[in-house]
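Trainee: Return a 3D structure for these sequence lines:
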Amino acid sequence: MTAPALFLAAACFVLGAGAGIMVPALTRLAPMPAAIGAGASLHIAGTGTLPALPLVVVLAGLVLVFALMRRASPAVTAPTWISGQPHDDRLAWSSAGFTKALRLVLEPLLRPERTVTTVSTGTLVRSIEYRSVTPHLFDTLLFGPLEKLSLRGAHTARRLQSGSLRAYVAYLLVLVLVLLAGARLGLIG
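Mentor: As a prediction, this is how the structure comes out:
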């Protein structure tokens, strides 16, 4: 994962450092002429000059300083803060905790199905089980009906494939007659 990020950073660096060379070459491809001077620094008339070499030196120096600072004091891992309680995996946040606000806003659209089961003896509650399932609306409203329709079409097409050469020749003959009739009526150009 580091190599692609380094490649993109190097490409940005090279494009920024060589802007004075690349931009004038690219403007010559444009349909209208532009007054951009060629050289190590990018100079655009009316806007000023982008000094490429000093920027490259400053950026290289900053990268070197940050790399040395990172080596000098590496990040220290610390335990997760759990409000002073001892660590327990049951206290960990799940993805549902992060998305709850969005799910509450989208509840009329998502239509979750919830069930709460309570086990009690007399007035003492022994356990409570909560289940929530959000149906996939694309599956139930779009892909489900499309799947049923395509399976019905496949079942019908299966009846057409009888394995009989006479039936296949008849299909072709009917197709040719339909195409000729369409051409005669002007439906087919």
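
Trainee: Please count neighbours and contacts with C-alpha atoms only from this point.
Mentor: Fine.

Trainee: Just after the host helix or strand of A154, pick out the following helix or strand.
Mentor: Element membership for A154, per DSSP states H and E: helix 144-160. As assigned by DSSP H and E, the chain's next helix or strand after helix 144-160 is helix 165-185.

Trainee: Next, count neighbours for L146.
Mentor: 13 (other C-alpha atoms under 10 Å).

Trainee: do the same with R158
Mentor: When neighbours are counted by other C-alpha under 10 Å, R158 comes out with 10.

Trainee: where does the residue lying farthest from the centre of the chain land on pLDDT?
Mentor: Distance from the C-alpha centroid of the chain peaks at G122, with 52.4 Å (C-alpha atoms, centre = their mean). Looking at G122, its pLDDT is 85.

Trainee: before we move on, what about P79?
Mentor: 77.

Trainee: Give the helix, strand or coil label for it.
Mentor: coil (DSSP: H, G, I helix; E, B strand; the rest coil).

Trainee: Relative to G144, how far out is it?
Mentor: In this structure, P79 and G144 are 47 Å apart, going by C-alpha to C-alpha, to the nearest Å.

Trainee: who's more crowded, those two?
Mentor: G144 (12 against 6).

Trainee: and the gap between the more buried one and F138?
Mentor: 8 Å.

Trainee: ditto for D89
Mentor: Following C-alpha to C-alpha, the distance that separates D89 from F138 is 34 Å.

Trainee: what stretches of the chain score poorly on pLDDT?
Mentor: Scanning the chain for pLDDT under 70 picks out 33, 35, 37-40, 42-45.

Trainee: Spell out the residue ranges of the strands in it.
Mentor: Listed in chain order, the strands found in the chain under DSSP state E are 36-37, 42-44, 48-50, 113-121, 124-133.

Trainee: Can you name the element that comes right after the last one?
Mentor: Tracing the chain C-terminally past strand 124-133 and defining elements by DSSP H and E, one meets helix 137 next.

Trainee: So what's the gap between that next one and the chain middle?
Mentor: 19 Å (C-alpha atoms, centre = their mean, to the nearest Å).

Trainee: Name the residues that touch it?
Mentor: L110 (C-alpha atoms under 8 Å, 6 or more residues apart in numbering).

Trainee: Tell me how this structure divides into domains.
Mentor: According to automatic domain parsing, the chain comprises the domains 9-69, 95-137, 158-189.

Trainee: start to end distance for the first one?
Mentor: If I follow you right, that is domain 9-69. OK, domain 9-69 end separation, C-alpha to C-alpha: 20 Å.

Trainee: Distance from that domain to the middle of the chain?
Mentor: Per C-alpha atoms, centre = their mean, the centroid offset for domain 9-69 relative to its chain is 32 Å.
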